[in-house]
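Student: okay, sequence plus prediction incoming.
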Amino acid sequence: MRFNLPNALTWMRIVMIPLFVGVYYFPPTWLTLPQQNLVATVIFTAAALTDLLDGYLARKLNQVSAFGAFLDPVADKLMVAAALIVLVDLHRLYAVIAVIIIGREIAISALREWMAHLGAAKSVAVSMIGKIKTVAQMVAIPMLLYHNAIGAFRPQQWGTGLILLAAVLTLWSMFYYLKMAVPTVIKHG
C-alpha cells in the first residue's frame with residue numbers, strides 16, 4: 001500500500017473513533033455533558049466530511065486504490081456503529097434501531113464480499129436507496145449527539161425522526177440488495 005492523502009484521511013477517520021467515544025468518558029470536571037455533546041458532534045461531523053473529501057480527492061488526484069476502496073466503507077461503518085452504540089448508552093436511541101442499522105451493515109458487507117468472490121459484485125452495487133439512507137443517518141447522528149435545543153430548534157426530535165427514516169430505508173435497502181443477489185445465490189447455491 002502506497003501512502004496517499006485519501007487513504008490518510010480514511011485512517012484519520014478510524015483514529016478519531018476512540019477519541020469520539022472517549023469524550024463521553026472524560027471526567028465531568030473536564031467537560032460538562034453539553035460540552036461533551038458539542039465535542040462529539042464536531043468530531044463525528046468532521047469524520048463524515050473527511051469521508052466525502054477522501055473519495056473526492058481519490059478521484060481528483062487519480063489515487064483510487066483497491067485498499068482505499070476496501071478501507072473507506074470499513075471506516076464509515078466503524079464510525080457509525082460507534083456513534084449508534086454511544087447514543088444507545090446515552091438513552092437517545094432505542095437499541096433496536098442500532099441493531100437494525102448495524103446488523104444490516106454487517107449482513108450487506110458479507111453479501112458484497114461473497115458476491116465479489118463469485119464475480120457478481122455489480123449486482124449488489126450501492127443503490128440510490130442506500131445513498132439516501134446514508135445521508136439520513138449522517139444528518140441524524142450529529143443531531144442526536146448534540147441533543148441540546150438551539151433556540152426553538154430541537155435537534156433530538158429531528159434526529160429521532162431522521163434516524164427512524166434511516167432505519168426504514170436500512171431495511172428497504174437490505175431487501176433490495178438481497179433481491180438483487182437472489183439469482184446469483186440460486187445459481188451458486
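Tutor: Arrived safely, thanks for sending.
Student: now the biggest helix by length in the chain: mean pLDDT?
Tutor: Scanning the chain for the longest helix, with DSSP state H as the assignment, gives helix 155-188. With pLDDT averaged residue by residue, helix 155-188 scores 89.
Student: show me what it is packed against.
Tutor: helix 95-117, helix 128-146 (3 or more C-beta pairs under 8 Å, 6 or more residues apart in numbering; DSSP states H and E). Quick note: C-beta positions are derived from backbone N, CA and C, even for glycine.
Student: switch the cut-off to 10 Å
Tutor: Using 3 or more C-beta pairs under 10 Å, 6 or more residues apart in numbering; DSSP states H and E as the contact definition, the elements that helix 155-188 packs against are helix 66-89, helix 95-117, helix 128-146.
Student: any buried residues in it, and which?
Tutor: 155, 159-160, 162-163, 165-167, 169-170, 173-174, 176-177, 180-181, 184 (16 or more other C-beta atoms under 10 Å).
Student: mind checking the helices and strands packed on helix 155-188 for the one nearest to residue 3?
Tutor: Ranking the helices and strands packed on helix 155-188 by distance to residue 3, with C-beta to C-beta as the measure, places helix 66-89 first at 10.7 Å.
Student: buried residues in that closest one?
Tutor: Using 16+ other C-beta under 10 Å as the test for burial, helix 66-89 gives 68, 71-73, 75-84, 86-88.
Student: run a quick neighbour tally on residue 133.
Tutor: A count of nearby residues for residue 133, using other C-beta atoms under 10 Å, gives 23.
Student: got a list of what it touches?
Tutor: 101, 104, 127, 165-174 (C-beta atoms under 10 Å, 6 or more residues apart in numbering).
Student: could I get the helices and strands packed on helix 155-188 as a markdown table with distance to residue 40 and mean pLDDT?
Tutor: Output for the helices and strands packed on helix 155-188, formatted as a markdown table (distance: least, C-beta to C-beta, whole Å; pLDDT from 0 to 100):
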| stretch | distance to residue 40 | mean pLDDT |
| --- | --- | --- |
| helix 66-89 | 7 | 91 |
| helix 95-117 | 16 | 88 |
| helix 128-146 | 5 | 92 |
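Student: can you check which of those helices gets nearest to residue 35?
Tutor: Taking C-beta to C-beta, helix 128-146 is the member of the helices and strands packed on helix 155-188 nearest to residue 35, at 11.2 Å.
Student: quick one: buried residues of that closest one?
Tutor: By neighbour count on 16+ other C-beta under 10 Å, the buried set for helix 128-146 is 129-130, 133-134, 136-146.
Student: what angle sits between that helix and helix 95-117?
Tutor: 140 degrees (axes from the mean of the first three to the mean of the last three C-alpha atoms, to 10 degrees).
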